[in-house]
Structures are given as structure tokens and as C-alpha cells.
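# Let me see the structure of the following:
(chains A, B and C)
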Amino acid sequence: MEEVLGILGMVSLMVGMVAVSIQRIWGGFSTKDYFLTARATVIVSVACSLLFKGDALGVSYLATNSQTLWIYVFTSGIVYIWLSLSLKWFVTKDLPSCLFCFLALVGLLSCRVLSSTENLMIMFASLAVLMLINFLFLYLSQQTEELHNISSRYGLSALLFIMLAGAALYILSPAGWNLARAAEISSGFGLLESYVVIAGFLFVFIFALAVAPLHFWFADATAPAVLPVAAYFSLVPVLPLWTAFIKLHHQFLQPLMHNIDDLYILFGILSILAGAIGANTSRNLRRIFAGSGIFHFGVMMLALAVLPDEALFSGAKYIQIYLLTMTGIYTVFYSFKSRGDYLYNLNMVGGFAKVRPFVAGTMLFFMASLVGLAPLPGFYGIWSALKSFADVRCYGLMAAMLGCLMFLIPAFLQVVRAVCFSPRKDNFDRTENNIYVYLVLITAFMLLLICQPRFLHIL
Amino acid sequence: MPENLLLIVVFLPLIGSLFVAASHNDADGTSRNATAVSVWVICCNILLILRLFSSLDIDLNSLQMISQMSWSVAPGGILSFGTDVLSLMIILSIHIALLMGIFGLKDVTGNQKGILFLNLLFLTTTTGFFMAADLFTFYMFFVLMIVPLFMEIGLCSGAGKKTASRFFLYNALGTLLLLMPVAAIYAMQNVVIYIENISDIRLPDNSGVFIWSGMFLAFILRLPVWPFHYWISSVNTVLKNPLVFTGVNLMPISGLYGFIRFWPAVLPEEIAALVPVFEILCVMTMLYLAFSGYSSAGLRDKLFSYIFIYYLLYLLGVFSPTDVLKQNIAYSLFAFLLVASGMIMIVFHVDKESEKLQNSANGILCLQPKAAFSYALLILAGVGFPVSALFWNNFIIVSEILNANVCIGTIAVFTMLLAAVFLLQNLYDLRDKSCLLQGQEKIYDIDNLRFAAGTIVMMVLFLSFIKPLWFVY
Amino acid sequence: MIVNVVISLLILGALSLWKIRQRYNNIFVSGSFLFVAGLLIYFIQSWQTGMESSFFMLWDSSASGDIKIAINSTLQNYRIVFPFFMIAVVALFNNLVFRYEKKKKAFSTLVIFILTSFIMLISGDNFVQIITCVFVIDILSQMLIQDVHASRRYGIYNLVADMGLFLVFALMRGSLNNLNMDTLTQYYDTVKYKDLIAAIMLVSLAIKFGFFVFHSYLLDLKSAKFHRLVLIPYLSTPMVALILFIKMRMFLAESHTFYLVFNILLGMTILWGAAGAAVIRGLKEKSVYFSMMIVALLVKLSEENGFVWNLSFSWLLICGFLFNICIYYLHYYANRENNLALLFRRQRKISLALYAVCVVAIFLMMAFSVCLAGFYSADTALWIYGFALLFLPTAANMFLQTIKNVEQNTDVLSAQTVDRRPLPMLLLIVSLSAAAVCLNDASWYPAIAAGGLFVVLMWIRPQRWLIKDSLCEKMQNADFFSGGYNIIIARPIKFIGRVLTLLVDFVFFERTLVSTVMLSAGIVVRGFRQINREGVLRSVLFVFAAFLILAIYFLRSRV
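Numbering: from 1, shown residues only, chains lettered A, B, ... in the order given. Next comes the predicted model:
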């Protein structure tokens, strides 16, 4: 009975999907109705998950513990905010939102499964679904030649890695796909088989996580995509993916290949370099913050390489703080609007602070947190990472990380200059009330984290 | 009670900044409300600081009234604040300097409310910095200081927007350089480390070089030592706001203070070899500043050169292998900051009014008797005449520098002399009636408020000459 | 005791800062004169009792040592203070009787403060007190000069000198780790950097004395009011230099070259002073040149006398000052025209008063010669005769030239009346001259000889044959030394400053360092953008790279 109740959260999401589909089939529902259904579904799902905490479908499939539950609640919160903010765009453009809401719910469900599964097959299936949703979001959003090409490339690359992961799963199939047992079975494999298994599992994740050198799709996809889609890429799947990857690393990859840490360090350094430099290559706001994201993912990879096993999951806090901040940033992006269109280029947002000082102020606050300014929450992550490097006397890593952070700062300064110091260039649309509400909430939560960092333990 | 007072002093400007942010601009676009709030907050804080002085044991040569705030991220779980004569003197002078800067804002147009808001934030961070008792708190405020100032520079630098970025990048580099050693130290000892005890920390194998040089460079980056001076010289040339100019020119004290606090007598042996190199760089920079100040025609350029020559003098004092200078540096710095801020207030006014003159600013002070009086007195104090605590404390500082190294001390005195000469020459030029042409546009003198402020500062300076801590009972 | 005098003067000075109505100014000035004169009497009485005492007050203490204010009432200090006290009283009296000073009260206040500073300088025995007094006297002197043009170079030159002293004292304090001058004997034993100290002291003292090469700032005083100017050489920086010279003598003796260069400078100063006083037509300039001569002689006599400050020396100093006052009254009765060459064109006839001034000058010459005779010895004979040879004809020429130029005036009607207000002042000079003669137990012959010679020289005026008018014309406005200062010091510093600013800030940082960093960053960014350009090939490349990296790691770990 407990196992059945444990899946109620997921079931409610499925019900929501069905409800959205029925609304579509039935007809006569407005854009707002779809969003309302989707948001209500998210709330119900979270409520069910919180009320019925038991393991869903047994420990070997979907293990639910306080950590996975929190990750789900956190992700759902982001999804809720994202849906609320995205609604306006669909209303303004008068576009159908049924599929969008449906995909959002599917994505959330996949995230839930991905973060809580202990089974490699389920993990990679949900990962494949997430990639498919990414592809569909790109493919189905406003069709431009650029987006079409990007979605094709993304689709092809994703397919390659899913196939590789499939091959790895196939190799493992005789012994079953339980994470805990997979590693010990794999240690007896030959060279090629081992290579395929590790490449399959590792690459599909670092591709999905946009860790260098497989980061190439992330900035390309977020920069030209419509804001709701870009926000989805940047916010929704990140935490579940990292949680799953940490689990995979801890239970499978590390036991299988003991010096995989070196590989992480290499990927981490490449990522922080790529992120920091990449953020400086464009005046597109989303590309800049995508660069920042890649940088932070790189730091996370470095942290994974040096953190002791028992502290591995505390690394997820770093990502949660990052996501909290990025949610704030994207909320601000929703207010960069002129004549119904979201502004994405620095040239377009000149003098925004003179019109919306509060919004610009919160943006500065979030950016300061992203670069790890003490005592803002972003600093906690950077500080923990640095301390973990210092613990193992990796001063070189510290220097590399801070050096790249130094390279990232000019990109942020560009943003500050444009938003705060440039003369006003455009008329900005009125900022919606819900944007203010979310900004206040996120800022308040971050301030709370500053004053009472013990709330970090919730994260 | 004094412990709580300490925290109030740190955070009162922060609360004030919220009121400033909430204040309304007047119909004519001026920010009288914001100005009034700022002035009152600073004045209240000054009174509280004076109250703190009375609770201080002046003879005790270490941080006192240690107060702690729990903050779980910090190693040891607490943020510690404390104070002593040195830090309180610096804080008091910074408050007065910023107050003078606010008075100087009358001539400036633009986003005053924003500047005032950021100014109070800056005041909070600087006060926190100078009251930080442990390494982590010290680092935190060391970083935080640069943000409001960066925004202030950006808001008022107009076309020179790159200036603000340059300022931030240079200073951010310093903060990252400090972050590395701080993290490394806390990785070794995850307890509260009081900044006064830093020199007692024993570091294993080669970490010492890495950690101490990181800290050393972080502090040096805040100071205008060649080749790190460029950030501040490039920023100063574009600033036309006296308050922001004052703020920028207060920044180097953080580097100086770091040296005084961390290594009051001698540097750790791992980096001791750096000292002679930096001493030479210091005097080279002083010479460079003195020459460029002498040759430049601009009032603000001269002022900038003067201010930084003195900062470097203090740095040389800190580098000298003795810890007896701490108090002298405190007294001297107090007087120096008052003089510098007073001069900034008047120079910016004179500079603005001189734009109305057809040729140069020469003779302008003949039309501004109040400004002339205040400026002359401040210059007398500034160049080292015995009208303020600057005089005999600098005498002691210079004597210790000379004792450590005659060549460096002699060059330092030479640069002080050059600075004094170009300031005096400038004063004579500004008072030279023969340079004034007839039929000029009307030149306005400083208003009564600024004159009163200047006079009060002079009185404070004079009293500080007689007894540096005259206000302590 | 000196300390009582100092306290009284400080109280008086503080009271005089109180702003009162203009009409009460004269009352205050009279009152302050009487008070200071009374203090002088008290001072002399205390001196005569021969009691010595010390007064200490802790000014401030820090880890670097205690700073004390010391006022030592020793006989030596009484002797040194006396002439300055007298000069101050005379100056206050002059201020009282003089009609053209608008700010009489301010002038009196300044004189009182200068006197106080002098007393504290003389009686002080720690570095901080001494250097403070030196600086304070400089500030007050600048205020005394009042005129911007006149005080410009004065201020800067003295600042240079003061900073030199500051450096020397700081050097000593650093070595001794003590602020008291009585510990200087320890320093004297080791004498570190003796040549450095001697060189800096030489320049500083030469500037302060206004010696040859460094005297041009004194000539700028011509823009100042004459009655203020006369006070500068005798109650300001040159006398500060004299006191410091006496206090620092033992260190300077350690450097052999110091006295050689110093004596050359002394000789040159007397010569240059005589030449200037003879050639230059301005009475103010003449006053400065005469002062240069007298001060240089005083320094020489002090040195030859083993730095013993006796009564004759004090009276010499007073006579020097009174001589300046005489020149001033010459100028005053010549209708306050500075240029002798212009006197006959628009001058009123007031020759009677001018003759009176000449008579006073004769008395003064007699007193001066009596005091000078007290220093006569084989070593000083050359200096004294040389001085007399240069001084007497030049002074005589100046007095008679003024009278003659005035008398030659035919354009202007005779003056109706002579201003009698300065007459008490002239009487005071005569009285003081008489006192100088009487109080010096020397023979009367030098006095008679000097007086007689002065009268004869006035009659003969040998300089009218010696000095050509063409040379005179060229010399009037020539300022070799300020030109030299510009060429040797000011311009090179400006040039170096500009070049450095250009080279360091602009060329090195802006154009080289910052540009290189920006360029490098630009290259990196462009390269990165190139690698990350959208396209299938780029995706393939990254994927291939990932596989390759893994393969290498994989193989390495297996090996």
C-alpha cells in the first residue's frame, strides 16, 4: 500500500497530462486554462509527494527519500514559477499552449523519475525522455531557420548518445540494471565493453548537463529559443540530472574506474574555461548566462572529483543555489519586454535600471550571487568548492577556478553596464505583478539564506 | 552594551540606505530627503563611534569589545567584530570624509538618490571591514566594499563606463587573490581565526609562499603601488562627483589596513623577500606621482597625486620592521583623511566654477573668500604644517622609515616635499589676482554649509594636533 | 621665568583672536604693546636674578615615545630670547605709531605669536617641539607678509628648508629612538650619515638665512608692505636658522666640508648683499640686501665666537633690525616711494624729516660699531673690516641719495607739514642705540670712528663714481636665481612628470599593457567563437574530442 501511495505524486502528474490532453480534445479551452491545469497538477503532485513519502515501486526502482523528495519539490517549484511566467507570452502571441503544458508535465515526471531511480534502465529511459522533450521544445517553438538547424543537430547528437547508452545497457543486460550491482559486474568486462559502458553512461550525462566538451548545444539552444523554452533548458532539468549523475558517479562510475576523478577534473577545467570565455563572446543575455551555467557545471565537476564520497551529495546544494539564482535571473528576463517581445540583447536593455530600478537591483543581486560574492548564497557554493580543493591541496585547481571566474566577471560587467549605466534606448512594457511577486519571493528566500544559512540544509 | 553598539554602528548605514531608497525625489529632481537621511545617519553613527571611543581602553594594543554573530557558513560558525583605536579612528575619519562628500554633492547633477543609497551601503561595508575581527569577516567585507563603489562609479562616470568595469576587475582580482589563501587557511584550521593572530599561524611545507603571497598581493592591489596603480589613476581622471571621488580614494586604506592588521611588525619569512622589492616599487610610485602631480595642470590630478603619495608613505611605514607605528599611523591617517576630504569638497567646487573662466582657474579664489580660507588652511595642514596630527605623527613615521632605510626614507620625504610644493604653488596660483580677467561670468563661493563643514574640520584637525584623542573622556 | 612669559603671551595672543570693533583696535594695540613691554621688563628682571628652572608638559604619548613641551629658563636661553623680545616690542611700538597699517590688531597678534614661537623654539629641547616651532614661525611669517606675490616663493623656499630639517630630525630621531635633543650626544658619538645631514642642513640653513644663491625669495618681499618686510629678516626665518645653527652645531662640526662651503656662502652673501644694496634702486630691495649682509656677518661672528650668545651679539641683532626701521622711515618720509630713481619726479619736500632719519642712522652706526668691536679678534678682523668697508659707504650712499633726490624735486610744491607720529619711534631708536653703546663695556672709539666715517662717506659718496648707470639699469630687474631655479629644478621636474605620465600611464599601461590584455582576451574570445561556431562539423569535433579524451584516459588507466 505504501508503495502505491508513493507513486501518487507521479500519478497525479500523469493525470494532469491526461487532463491537458482531454482539454485539447474537448476544445474550447483557453491558453490560461491549460496553464491553470498544469500548475494545479504540479501543486497536487507536490502535495501528494509530501503527504505520501514512501518508496515508490520499491527501493530498486524508485527510491524516495527526503533528498529525492526535496529535489522534486524544488524542481516543481521552479516549474510552477516557469509556467506562471510563461503564460503571458502565449497569451500575448495568442499561441496554443496545450503541447507546451503537456511537455512541461512530462518533463517534470521524467525529472522525478530520474532523480529517484536506482535502476539504470529507468534512469536512461527518463533521460531519453528529457532529451526528447528538449528536442520537441526546440523543434516546436517558433520556427526559424536557425532554430530548425539547432534542433536537428541537438536531435542527432542526443540520438547518438542515447544509442551509446542503449549499447551500454545492452552490454549490462544479462546482469540486470541495478546500479549497485552493475559496477561490480562491469569490472570483469573486456576493454572495448568497458569503454562502451563508461562512454555510454558518462557521455549521455555530460551531454545532457552541458559539460565541456559536450557543452556545445546548450548556449546555441538557449540563445535563439523563445524565452519560455530557454528558461526550461536553463532551469528545469538541471537539478534532477545532476542528482542522477552524482548517484551514477558514486555507485557505478567511480567503483568501475578509480581514476575517473582526473577525467572529471579535465572536463571541469574545460567547462569553466568554455563557460567563462563563452560568456564573453556574445551580447546575447541568454548566451551570457548559459556561459555562466557551463562555468558552474564545470565547478561542480571539479568538486565531484575532489569531494570525499560522504560529501558528494552536498555538491547538489551548489546546483540548487545556482538554480535559485538563475530562476531569479530568468524572472528578470521575463520583465525585459518591449512591445510584447522579450528582449535578449544587451543593446536592447540599455537604461532598464532607470525605468525598473527594483527589478534591475534584484538582477544585480542575483548576478552578484552567481559570481560568488560573499555573503550571498552563491558564495557558499564557491567557498565549499574552494575549501574542498584546498583540503586536498589542489591549489592549482583553486587558481584555475578563480582565474576563470575572473574571466567570467567581464561578461557580467557588460550586463551591468548595459542595464544600469547605459542611457535608456527603448520603451519597456509594464512589468507584470507576478514577476514582482516571484522576484520578491526569490530575493526574500536568498536574503533568508544569507541571514540564516542553516536553511541551506533544507536544500 | 558596547558590543551591541559595535553592530549598530556597522549596520545603521544599511538601514539608512533602505530609507534613502524609499525616499522621494523633490519636484525639481533634487534628492533633499535622501541627502537628509544620509547626513543624519552618518551624524548618528559619528556620535555612536564617539561613544564607542569612551568604552575603549586606549592603551590596549589589540582588538577590543569583540562581538559575535552566528553565521553557520563562516568557519567556526561565527562572524566576529571588534575594534581598537586604529580601526575606530579610520572609521570615524571615513564617516566624516563621506559626510564632506555629501556636502560636496550640491554642485553635482544626476542620480543623487542612487549615489546616496550606494554611499550608505559603502559605508556599511567599510565600517564592517574595519571592525572585522576574524579572517572570514575581514574577507567578506573586503569583497563587499567594491560593489557599491563600482555602482557609484558606473552611475556617475557617464561616458567613461569602462572605468567602472576596470575598477571592478582590478579589485575583483584582489578579492580572488585573498579568497584563495583564506580558503586554504580555513581548510587547515576550521575554527575562528582572529586577524591579529594571523602571523602566528604556522603553515606546512610550501603552502606558506602560496598563502602569504596571495594575501600580500591582494592588499597591494588595493594600493596604488606601481604597476598596480593604474586602476585608480584611470578612475580618478573621469570622476566628477566629489562623493564618489572620496569613496574611491578611501579604498586603498583597506589594503593598508590589511597589512597593519595582519603583519604589524614583520612579514612572514616566506614572503619577507618581497618587502624590499615593494618598498622600491613604493618609492618609485611616489616619485612618479610627485612628478606627475607637479607637472599636471588639473586640480584634481594634483589632489590625486597628493593623496596617494601619502598612502604610500603609510605603506612604507607599515613595511618598516616595527609595530610601534600603529598608533601614529592611526592618528596621522585620521587627520590626513579629514584634510583630503575637505580638499576634495572644495576642489570640486572650484573646478566646477573655474569652467566659467575664460582661461585658467588662476585667481579664482580671490572671488571665493570662504573657499580660499578653507582651502588655504587645509593645504597648510595637508602639506605637513603643524596644524594637525598629521604633522608630528608623520615625523615619527618618517623617522622609522629612515631608520630602516635611509635611501627610501629620503626619497619618501622628497616626494612629500614635491607634493607640498605643487599644492602650495597651486594655492598661490588660485589666489593670484593678476590672472583674473574682467567681465567674467559670476563665480559662486562655497555655501555656508560647506564653509562651516570646512571650518569644523579644521577645528577638529587643530584639536587633533594638540591631542589626537581629544574627544575621548 | 620664561614659562610665565610664554603663558602670558599665549593668553594675550588668544585674547587678541577675539574679534572686536574697528574703533577699539587702537586700544587693543596700545594695550598689547604695554603688556608685552611689561613682560619684557619682567623677563629682564627674571634674567637678572639668575635663577634657572625647567618646565615640562606632556603633549602626547604613544608607543613611539612621549612628546613633551619643554620651556627651559636657562641663562643661555634668556640671552638668546632677549633680542627677539626687544625686536618684538619695538615692532609693536612701531605698529602703534604707524598710520598706514589697516590691520593693526592682526599685525600685533602675529608679532605676539611669532615671539611666543621663538621663545618656545629657543627653550625647547625635543625634536617635535623644535620642528613645530620652525613650521609655525614660517606660517606666521607668511601671514605677516600677507601679499600673495611676496609670499609665494617665500613659502615654497621655506617649505623646502623645513622639509630638509624635518628629514634631518627624523633621521636622528629614528637612530636614537628618542625625541629629546639631550640624547643627541649619543648620536654625536656614532654620527651616522654625517655628510647627508651636513648637506641637507647646509641647504636648509642657507635657504632660511637667505644666503647667496638662495636669497631670491627674499627679494620678492618687495611686493609686501615695507613695515612688514623689515620684520622678516630679524623676527622670522633667518633668525630661526640662526637658532637652529647654534643648536645643531656639534653635528655640523663633524662634516669638514660643511664649514668650508658655509663660509664661502657667508662671504658671497656679504659681497652680493653689498653689491645689491649699492646697485638696486628700490629701498625695499636695499633693505633686504643690507639684512643679508648683517645676518651673514652675525652668523660668522657667532661661529667665530664659539656659538656663545652674549649681550653684544644681542645688541648687534637689535641694531640690525633698527637699521631696517631707519630705511623704512627713509622710505616713509620719501612719500613711500620705493624707487630712488623716481623720487625727484613726484616727491614732496620733507627733507627735514629725512635729515632726522639720517641723524638717527648715524647714532645707530655708532651703536652697531660698538657692538661689533666686542667681537674683534685676529680671526674676525678681516670679516669686520671687510663688512665695514662694504656696508658703510653703501648705507651712506643710500641715505644721501634719497635726500638729494628729494631735494632735486622742482615739480611739486613743498610739503605742508611733516608727519610727527613716527618721531617717537625715531627717538626710541636713538635711545636703544645709546643703550647698546652704554651697555657694551667697549671703547667709544669705534663709535666715534664709525659715526664720523658715515658722515664723511655721506658727503663724499664714493659710489657715485664706482657704479655705472648702464650697469645699474641692467641689474634692476635681473633675477638670475629664479631663472636658474626654473631651468635647473622646476622645468626638469615638469618635463619628467609629463614624460612619465605619458610613458607610464598612456604608453605603457593604456597602449601596451591594457591593450595587450584586451587584445589577448579578444583573440581568445574570437578563437573560442570560431571553435563554437554553429554547425554540424563543430558538434562532431566536440563529440570526437570527448571520445578521444575518454579513450586516452581509459587506456592509461588500464595500462
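
# Confidence-wise, which helix or strand of chain C is lowest on average?
Least confident helix or strand, chain C: helix C:343-346 with a mean of 53, by mean pLDDT, DSSP states H and E.

# going on from it, what's the next piece of helix or strand?
Moving toward the C-terminus from helix C:343-346, the next helix or strand (DSSP states H and E) is helix C:351-373.

# and that next one, what does it pack onto?
Judged by 3 or more Cβ pairs under 8 Å, 6 or more residues apart in numbering or on different chains; DSSP states H and E, the packing partners of helix C:351-373 are helix C:311-333, helix C:381-407, helix C:423-439, helix C:445-460. Where C-beta positions appear, they are placed from N, C-alpha and C, glycine not excepted.

# Would you mark the buried spots in that helix?
C:351, C:353-354, C:356-358, C:360-373 (16 or more other Cβ atoms under 10 Å in any protein chain shown).

# list the contacts for the residue nearest the centre of chain A?
Centroid check for chain A by Cα atoms, centre = their mean gives A:V238 as the closest residue, at 2.1 Å. Contact analysis of A:V238 by Cβ atoms under 8 Å, 6 or more residues apart in numbering or on different chains lists A:209, A:293, A:319, A:322-323.

# do B:I364 as well
Contact analysis of B:I364 by Cβ under 8 Å, 6+ apart lists B:350, B:353-354, B:357, B:430, B:436, B:443.

# For it, give its distance to chain C.
13 Å (Cβ to the nearest Cβ, to the nearest Å).

# So what touches stretch B:336-344?
So stretch B:336-344 is contacted by B:90, B:93-94, B:96-98, B:100-101, B:104, B:242, B:245-246, B:249-250, B:253, B:303, B:306-307, B:310, B:374-375, B:378-379, B:381-382, B:388, B:390, B:453-454, B:457-458, B:460-461 (Cβ under 8 Å, 6+ apart).

# 6 Å instead?
B:93, B:96-97, B:100, B:242, B:245-246, B:303, B:307, B:310, B:378, B:381-382, B:390, B:454, B:457, B:461 (Cβ atoms under 6 Å, 6 or more residues apart in numbering or on different chains).

# rewinding a little: could you export the helices and strands packed on helix C:351-373 as TSV, including mean neighbour count?
Formatted as TSV, the helices and strands packed on helix C:351-373 follow (neighbours: other Cβ atoms under 10 Å in any protein chain shown):
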stretch	mean neighbour count
helix C:311-333	25
helix C:381-407	19
helix C:423-439	18
helix C:445-460	17
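
# Mind pulling up the pLDDT for the spatially closest residue to A:A199 that is not a sequence neighbour?
Sequence neighbours aside, C:L550 is the residue nearest to A:A199 in space, at 5.5 Å (criterion: Cβ to Cβ, 6 or more residues apart in numbering or on different chains). If you check C:L550, the pLDDT there is 83.

# what do you get for B:G154?
pLDDT at B:G154 comes out at 89.

# count of residues packed around the residue of the stretch 1-150 of chain A found nearest chain B?
Closest approach between the stretch 1-150 of chain A and chain B, counting by Cβ to the nearest Cβ: A:W70, at 18.5 Å. Each residue near A:W70 was counted by other Cβ atoms under 10 Å in any protein chain shown, and the total is 18.

# could you say what helices and strands the helix or strand harbouring it packs with?
Using DSSP H and E, A:W70 maps to helix A:66-93. Counting contacts by 3 or more Cβ pairs under 6 Å, 6 or more residues apart in numbering or on different chains; DSSP states H and E, helix A:66-93 packs against helix A:31-51, helix A:98-116, helix A:227-235, helix A:238-248.

# Show me which residues of chain C sit near chain A.
C:524-525, C:528-529, C:534, C:539, C:542, C:545-546, C:550, C:553-554, C:557 (Cβ under 6 Å from any Cβ of the partner chain).

# any weak-confidence spans in the chain?
In the absence of a named chain, this looks at chain A. Along chain A, segments meeting pLDDT under 70 span A:1-5, A:54-64, A:142-143, A:310-311, A:313, A:457-459.

# meant chain B actually
Residues of chain B meeting the criterion pLDDT under 70: B:1-2, B:27-29, B:158-161, B:437-441.

# For it, what lies in contact range of chain C?
So chain B meets chain C at B:230, B:288, B:291-292, B:294-295, B:324, B:327-328, B:385-386, B:392, B:395-396, B:398-400, B:402-403, B:413, B:417, B:420-421, B:424, B:428, B:431-432 (Cβ under 6 Å from any Cβ).

# how deep is the closest residue to chain A within the stretch 251-400 of chain B tucked in, by neighbour count?
Closest residue of the stretch 251-400 of chain B to chain A, Cβ to the nearest Cβ: B:E270 (14.2 Å). Residues lying near B:E270 (other Cβ under 10 Å) number 17.

# OK, contacts around it?
B:E270 makes contact with B:208-209, B:212, according to Cβ under 6 Å, 6+ apart.
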